[in-house]
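Participant: Any chance you could fold what I've pasted below:
(one chain, ligands or ions: 1)
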Amino acid sequence: MNTLELQNLSKSYSNGTLALNSINLKISNGMFGLLGPNGAGKSSLMRTIASLQEPSQGKVLFNKKSVSDHPDFLRASLGYLPQEFGVFPKLSAKELLNHIAILKGIGNKHERTQQIDFLLNQTNLYSERNKAVSTYSGGMKQRFGIAQALLGNPQLIIVDEPTAGLDPEERNRFLNLLSEVGENRIVILSTHLVDDVQELCAQMAILFKGKLFAQGNPQILVEKLKGKIWSKRIEKSELKKFSENHKVLSKRLNAGQTWIRVFSEFPLEGEFIPEKPQLEDFYFYTLQINS
Ligand code: ADP
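Facilitator: Predicted coordinates for the structure are as follows:
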């Protein structure tokens with residue numbers, strides 16, 4: 001069983017931005033969802049865990065070893081899919097994977113070929129293996145990103161906002177692939193999409209303004225809002241009034257009608273419908289009470 005532990009981790013940049021503020025977290029094998037809005041500090045956290053940047057304070061421990069003291073120990077077991085994969089050279093997937101495998105120190109040619117073929121199959125890219133990666137669609141590039149991250153069988157995989165810009169079918173395919181990959185190692189999925197976490201992750205935390213809130217199993221976290229979520233159809237013009245008098249978590253258009261979802265400890269007068277709480281409600285609730 002692998003463990004990743006963050007102890008009192010903070011990161012400030014030279015311009016004074018405090019991107020991470022005393023983060024404490026302990027996770028083990030499986031899919032961990034790190035959910036937060038843009039600017040919350042997700043990429044800062046991913047880069048710090050991946051030892052691409054030093055924390056200003058605190059520690060990252062992977063399998064009980066400090067990453068600052070033993071960066072090579074972590075790097076040898078890390079697969080990282082950054083938010084921006086950068087420029088793709090005009091190499092085929094097979095050639096590029098071969099290069100990356102050599103960089104990762106997989107020196108044995110037979111072993112390399114075996115791993116590459118296995119990963120091309122797993123990511124469903126085998127039939128396209130001889131095409132230049134630069135010509136791949138967005139979804140194929142993301143799957144390629146996972147294939148390269150998996151070279152060398154890393155025990156810690158970090159994926160930063162991987163489903164942004166994928167169409168629903170590609171997104172599904174990608175999420176299925178990730179959950180397969182997450183069975184016997186730690187996978188950290190950073191995302192601003194509640195659905196990604198809901199569908200995949202047994203453990204999660206919400207990152208907001210550099211701080212961690214609400215850590216645990218999504219279903220158990222959501223239970224806290226049981227009996228406290230209400231919805232109501234309103235006129236668009238009434239939104240301001242309702243926002244002033246209620247904790248409106250979200251508003252949604254449905255077939256031309258405006259619906260709001262509201263948090264309230266007590267039943268509300270006036271045609272509010274009781275709703276089963278969803279992870280999205282919990283997410284918006286957490287952001288609101290910590291704003
Ligand atoms: P997220 O990935 O959740 O969108 P980021 O980690 O990218 O969040 O950013 C968190 C905060 O840190 C933002 O205010 C952002 O502007 C700032 N930030 C990120 N990277 C840098 C950097 N290299 N230098 C200065 N500020 C940065």
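
Participant: tell me the pLDDT at the residue most central in space within the chain?
Facilitator: With distances taken as C-alpha atoms, centre = their mean, residue 190 lies nearest the centre of the chain, 1.9 Å away. pLDDT recorded at residue 190 is 94.

Participant: how distant is the helix or strand where it lies from the center of its chain?
Facilitator: Using DSSP states H and E, residue 190 falls within strand 186-191. Average the C-alpha atoms of strand 186-191, do the same for its chain, and the two points are 4 Å apart (C-alpha atoms, centre = their mean, to the nearest Å).

Participant: Let me know the average pLDDT across the next helix or strand after it.
Facilitator: Next helix or strand after strand 186-191 toward the C-terminus (DSSP H and E): helix 194-200. The pLDDT scores in helix 194-200 average 91.

Participant: and stretch 238-254, what's its mean pLDDT?
Facilitator: For stretch 238-254, the per-residue pLDDT averages 92.

Participant: Quote the end-to-end distance of it.
Facilitator: This stretch, stretch 238-254, spans 16 Å end to end (C-alpha to C-alpha, to the nearest Å).

Participant: where does the chain have low pLDDT?
Facilitator: 85-88 (pLDDT under 70).

Participant: which residues in it form strands?
Facilitator: 3-12, 18-28, 30-35, 57-62, 65-66, 78-81, 156-160, 186-191, 203-208, 211-216, 229-234, 247-254, 257-263, 273-274 (DSSP state E).

Participant: The ligand: which of those strands is closest?
Facilitator: Nearest of the strands of the chain to the ligand, taken as C-beta to the nearest ligand atom: strand 18-28 at 3.6 Å. Just so you know, the C-beta spots here come from the backbone N, C-alpha and C atoms, and that holds for glycine as well.

Participant: ok, which residues in the stretch 1-150 of the chain are in contact with the ligand?
Facilitator: Contact residues (C-beta under 6 Å from any ligand atom) of the stretch 1-150 of the chain with the ligand: 13, 15, 17, 19, 36, 38-44.

Participant: The strand holding residue 190 to strand 57-62, inter-axis angle?
Facilitator: Relative orientation of strand 186-191 versus strand 57-62 (axes from the mean of the first three to the mean of the last three C-alpha atoms, to 10 degrees): 130 degrees.

Participant: for strand 186-191, packing partners?
Facilitator: If contacts are counted by 3 or more C-beta pairs under 8 Å, 6 or more residues apart in numbering; DSSP states H and E, strand 186-191 sits against strand 3-12, strand 18-28, strand 30-35, helix 42-49, strand 156-160, helix 168-181, helix 194-200.

Participant: if we can go back for a sec, residue contacts, the residue nearest to the centre of the chain?
Facilitator: Applying C-beta atoms under 8 Å, 6 or more residues apart in numbering, we find residue 190 in contact with 34, 36, 42-43, 45-46, 158-161.

Participant: Farthest pair within the residues of the stretch 1-150 of the chain next to the ligand?
Facilitator: Of all pairs drawn from these, the widest gap by C-beta to C-beta lies between 15 and 36 and measures 20.5 Å.

Participant: More neighbours: those two, which one.
Facilitator: Using other C-beta atoms under 10 Å, the more surrounded residue of residue 15 and residue 36 is residue 36, with 24 against 5.

Participant: Now do the contacts for residue 18.
Facilitator: Per C-beta under 8 Å, 6+ apart, neighbours of residue 18: 10-12, 210.

Participant: For it, give the beta-bridge partners.
Facilitator: Beta-bridge pairing for residue 18 (DSSP bridges): residue 12.

Participant: Distance check, it against residue 41.
Facilitator: Counting by C-beta to C-beta, to the nearest Å, the gap from residue 18 to residue 41 is 9 Å.

Participant: what's the neighbour count on the nearest residue to residue 275 once chain neighbours are set aside?
Facilitator: Nearest non-adjacent residue to residue 275, counting by C-beta to C-beta, 6 or more residues apart in numbering: residue 229, 4.5 Å away. Neighbour count of residue 229, defined by other C-beta under 10 Å: 22.

Participant: Next one: residue 229 from residue 148, what distance?
Facilitator: Remark: distance between residue 229 and residue 148 (C-beta to C-beta) = 42 Å.

Participant: what do you get for residue 214?
Facilitator: 32 Å.

Participant: what does residue 112 give?
Facilitator: Applying C-beta to C-beta to residue 112 and residue 148 gives a distance of 13 Å.

Participant: if you count what's nearby, which of these two comes out ahead?
Facilitator: residue 148 (24 against 19).

Participant: Once you drop chain neighbours, what's closest to the more buried one?
Facilitator: Counting by C-beta to C-beta, 6+ apart, the residue nearest residue 148 is residue 100, at 5.0 Å.
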